[in-house]
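1. quick one, structure for this:
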Amino acid sequence: MALMEMTFRSQALGFDQSIEVFLPEPKDIGLKKLGKPYRENLPVLYLLHGHTDNHTAWLRRSNMERYLHHSDYNMICVCTSMRNFRYADMVYGYNYYTYMTEELPNMIESTFRASSKREDRFIVGLSMGGGGAMRIAMRNTDRYAAVASLSGSVTYPPTDQPLNDELYAIYGTRDPWAVKGTEEDAWYLVDKAVESGKPLPKIYVSCGTADSALEPNRQFHQHLNELGVEHTYYEEEGLGHEWAFWDSEGYKLVNEWLPVKRG
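-> Numbering: from 1, shown residues only. The predicted structure is shown next:
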């Protein structure tokens, strides 16, 4: 894999934004002759980080580059930064959802040989990014073939306590229940997506049994079952909210679960 770090001016955010992009090299996609053009647009995996991390987290803290290089899948992998703002358009802040769902895909597809087809777009996240990936995919079921949430913040709210300043800036309220039933609520979005009758992305949800997020993820899994939504659910015994779990899940997703095989 080739690795590129890009910085570009985001119009949605109003400031420069950096991303990491993993790119298959010619030998990865079966081109033995140097200079031979590759005419097929490649699928794209959007890989979302968790709270307190940034676009370098998957590169620095996991073996994702090696997993992508040695897998049978040939895809572009994009890691971007949301700071701690939950992949949402903030009430008092920045339009991170618009950036993530409109500006970033448009930039990737216009800059690289990246496919814009639904069947070639995947979104995966951990912790805050897992909840973000689920909400993005459920709001845009026509854009993503698959979504995976690892130890994700898939229920809302996590507590009955008034929201802190960070969440207040995102949601514009201190009420921990105010977001329930809105487009920042993954349960509501799944309900709405099912009611639409449109095809849903392939869904994967997982969590470690020593993770404080385990019970909310079990509840989300049960909710999907009650709705009759086909999905894969997995628990790893003894692991918590940690990179040992997310790294192993990254290997599994890239090598076994993502539905596109090229090469």
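2. next secondary structure after the worst-scoring helix or strand of the chain on mean pLDDT?
-> In the chain, no helix or strand scores lower on mean pLDDT, DSSP states H and E than helix 64-70, which sits at a mean of 92. Following helix 64-70 in sequence order, the next helix or strand is strand 76-79 (DSSP states H and E).
3. note down every partner strand of that following strand and its orientation.
-> Its sheet considered, strand 76-79 pairs with strand 15-23 (antiparallel), strand 44-48 (parallel) by DSSP bridges.
4. what's the most buried one of those?
-> strand 44-48 (a mean of 26; mean count of other C-beta atoms under 10 Å). C-beta here means a position set from N, CA and C on the backbone, and glycine is covered the same way.
5. can I get it in PDB? Just the C-alpha atoms.
-> Output in PDB follows, covering the C-alpha atoms of strand 44-48 (Å, rounded to 0.1, in the frame of the first residue of the first chain):
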ATOM      1  CA  VAL A  44     -13.500   3.100  -0.900                       C
ATOM      2  CA  LEU A  45     -13.400   2.300   2.900                       C
ATOM      3  CA  TYR A  46     -14.000   5.300   5.200                       C
ATOM      4  CA  LEU A  47     -12.400   4.500   8.500                       C
ATOM      5  CA  LEU A  48     -13.600   6.600  11.400                       C
END
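6. in the helix or strand following that strand, which residues are buried?
-> Remark: after strand 44-48, the chain's next helix or strand is helix 57-61, criterion DSSP H and E. Using 16 or more other C-beta atoms under 10 Å as the test for burial, helix 57-61 gives 57, 58, 59.
7. check stretch 172-186 too.
-> 176, 179, 184, 185, 186.
8. which one of those is nearest residue 151?
-> residue 186 (13.8 Å; C-beta to C-beta).
9. ok, that closest one to residue 43 distance?
-> 24 Å (C-beta to C-beta, to the nearest Å).
10. OK, contacts around residue 124?
-> By C-beta atoms under 8 Å, 6 or more residues apart in numbering, the contact list for residue 124 reads 45, 46, 47, 48, 133, 147, 148, 149, 150, 250, 253.
11. er, residue 94 I mean
-> 12, 13, 14, 85.
12. what's the helix or strand for the residue most central in space within the chain?
-> The structure's the chain has its C-alpha centroid closest to residue 124; by C-alpha atoms, centre = their mean the separation is 3.1 Å. Residue 124 is part of strand 121-126, with elements assigned from DSSP H and E.
13. that strand to strand 44-48, inter-axis angle?
-> If you take axes from the mean of the first three to the mean of the last three C-alpha atoms, to 10 degrees, strand 121-126 sits at 20 degrees to strand 44-48.
14. just the CA trace of strand 121-126, in PDB.
-> Taking C-alpha atoms only, strand 121-126 is exported to PDB below (Å, rounded to 0.1, in the frame of the first residue of the first chain):
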ATOM      1  CA  ARG A 121     -18.600   2.400  -0.500                       C
ATOM      2  CA  PHE A 122     -18.000   1.100   3.000                       C
ATOM      3  CA  ILE A 123     -17.900   2.900   6.400                       C
ATOM      4  CA  VAL A 124     -16.400   1.600   9.600                       C
ATOM      5  CA  GLY A 125     -15.800   3.300  12.900                       C
ATOM      6  CA  LEU A 126     -14.800   2.600  16.500                       C
END
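15. name every strand pairing with it and say which way it goes.
-> strand 44-48 (parallel), strand 146-150 (parallel).
16. got a list of contacts for the first one?
-> In other words, strand 44-48. 58, 64, 75-80, 82, 87, 100, 104-105, 108-109, 114-115, 120-126, 128-130, 132-133, 254, 258.
17. let's see 6 Å
-> 58, 75-79, 114, 121-125, 129, 132-133 (C-beta atoms under 6 Å, 6 or more residues apart in numbering).
18. what of the last one?
-> Under the contact criterion C-beta under 6 Å, 6+ apart, strand 146-150 has outside partners 122-124, 126, 130, 133-134, 137, 201-206, 246, 249, 253.
19. downstream of it, the next helix or strand is which one?
-> helix 165-171.
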